[in-house]
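Asks: Have a look at this fold, sequence not included:
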């Protein structure tokens with residue numbers, strides 16, 4: 001539908017006609033009358049754009065596009081993608097010519113090669129300043145940490161004497177841990193050192209160091225040789241304690257570090273008797289210093305066994321074992337394994 005807008009403006013004289021009304025009044029009047037009639041007979045028409053028709057045309061185009069099969073649309077997209085990857089007419093890939101790609105690859109190759117060379121050089125310079133045989137920050141660890149065996153979840157030893165399934169895994173854990181302490185192996189690999197003094201070895205840092213023997217038989221009733229169940233079958237469990245290794249560590253004043261266990265909270269009579277092996281309940285000086293794993297290959301950490309021969313039954317007893325010695329710190333609240341260890345015994349009958 002077309003909308004016609006009729007102009008209501010008064011007709012204008014043509015530009016080339018000019019008449020003097022005073023001389024030719026009658027002629028001019030007739031001419032004006034004729035012009036008015038023509039203007040009324042053929043008024044100027046201004047056509048406005050038909051918005052409705054344009055909308056209808058757009059809707060028809062959309063319907064036609066919707067009517068096309070989906071496979072054709074996907075095929076067109078696939079063709080566009082293929083052309084973007086490789087344009088055979090212009091011989092371009094991803095809008096780049098072969099020469100452009102060559103320049104890009106060369107630039108990135110030299111960039112990453114330079115970066116790798118710089119990192120390698122910095123790493124090499126760093127390792128030149130590090131001593132592989134003796135750590136440079138051992139002074140920050142003046143007190144060694146403590147660990148116990150057998151392994152117990154959350155350090156809770158819960159078992160029933162009359163039910164072997166509840167304590168058999170503790171026995172297996174201890175047997176596996178003590179394999180490296182067998183007497184025959186220690187006699188073959190390590191030397192018998194005199195007790196009571198440091199075993200200091202001279203020589204270059206890269207020379208292999210000898211290690212002193214620590215035999216399984218030193219643990220006596222907690223060695224598993226006399227009692228294969230380590231006391232768990234009778235409600236008298238054995239727990240082994242060792243200090244973590246610190247290269248160059250020497251107990252101060254030549255006094256060996258000792259182990260002392262007691263009830264952490266509650267009635268002290270809950271633990272009435274503990275036997276220690278070795279009987280001195282200490283780590284002998286002959287096992288120090290430790291020279292590091294590169295040169296002290298066969299080093300065997302000394303142990304102290306706690307044999308809880310008389311502990312109250314059928315209740316949880318919190319136990320704290322501490323290291324005692326000059327310069328030993330054993331009361332750090334934020335770390336329960338520095339100079340001490342806390343665990344729970346719950347022996348049921």
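Replies: Thanks, I have it. As the structure is a prediction and not an experimental result, all values here were calculated from the model.
Asks: For residue 334, give me its contacts.
Replies: Taking CB atoms under 8 Å, 6 or more residues apart in numbering, we find residue 334 in contact with no residue. Any C-beta I mention is one placed from the backbone N, CA and C, and that applies to glycine too.
Asks: just residue 107 next, same as before
Replies: Neighbours of residue 107 in contact, by CB under 8 Å, 6+ apart: none.
Asks: pLDDT score assigned to it?
Replies: As predicted, residue 107 sits at a pLDDT of 93.
Asks: quick one: which helix or strand includes it?
Replies: Element membership of residue 107 [criterion: DSSP states H and E] is helix 98-128.
Asks: so how far is that helix from its chain's centroid?
Replies: In terms of CA atoms, centre = their mean, to the nearest Å, the centre of helix 98-128 is found 27 Å from the chain centre.
Asks: what does stretch 233-246 give?
Replies: 33 Å.
Asks: Show me what counts as buried in whichever helix or strand comes after the helix holding residue 107.
Replies: Going down the chain from helix 98-128, the next helix or strand is strand 146-149, by DSSP H and E. Neighbour-count burial for strand 146-149 flags 146, 148-149 (criterion: 16 or more other CB atoms under 10 Å).
Asks: same question, stretch 308-328
Replies: Of all the residues in stretch 308-328, those buried under the rule 16+ other CB under 10 Å are 308-309, 311-312, 317-325, 328.
Asks: what's the first-to-last distance across that stretch?
Replies: 25 Å (CA to CA, to the nearest Å).
Asks: For it, the averaged confidence score.
Replies: 94.
Asks: check which helix or strand covers residue 321.
Replies: With DSSP H and E as the test, residue 321 turns up in strand 316-324.
Asks: Name the residues that touch the next helix or strand after that strand?
Replies: Heading C-terminal from strand 316-324, the first helix or strand you meet, by DSSP H and E, is strand 340-348. Contact with strand 340-348 is made by 146-148, 152, 155-161, 235, 237, 239, 241, 264, 308, 311, 313-323, 330-331, 336, as judged by CB under 8 Å, 6+ apart.
Asks: what about the helices in this structure?
Replies: Listed in chain order, the helices of the chain (DSSP state H) span 25-41, 51-66, 70-85, 98-128, 168-177, 183-189.
Asks: Where among those helices is average confidence lowest?
Replies: Mean pLDDT is lowest for helix 25-41 out of these, coming in at a mean of 51.
Asks: what's the spacing between the closest residue to residue 161 other than its chain neighbours and residue 295?
Replies: Closest residue to residue 161 apart from its sequence neighbours, by CB to CB, 6 or more residues apart in numbering: residue 235 at 4.5 Å. Residue 235 sits 44 Å away from residue 295, going by CB to CB, to the nearest Å.
Asks: Put together CSV for the buried residues of strand 146-149, with distance to residue 78 on each row.
Replies: Shown next, in CSV, are these (distance: CB to CB, whole Å):
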residue, distance to residue 78
146, 68
148, 67
149, 66
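Asks: Nearest to residue 282 among those?
Replies: Closest approach to residue 282 among the buried residues of strand 146-149 (CB to CB): residue 146, at 13.8 Å.
Asks: Can you tell me the closest non-neighbouring residue to that closest one?
Replies: That would be residue 341: by CB to CB, 6+ apart, it lies 4.6 Å from residue 146.
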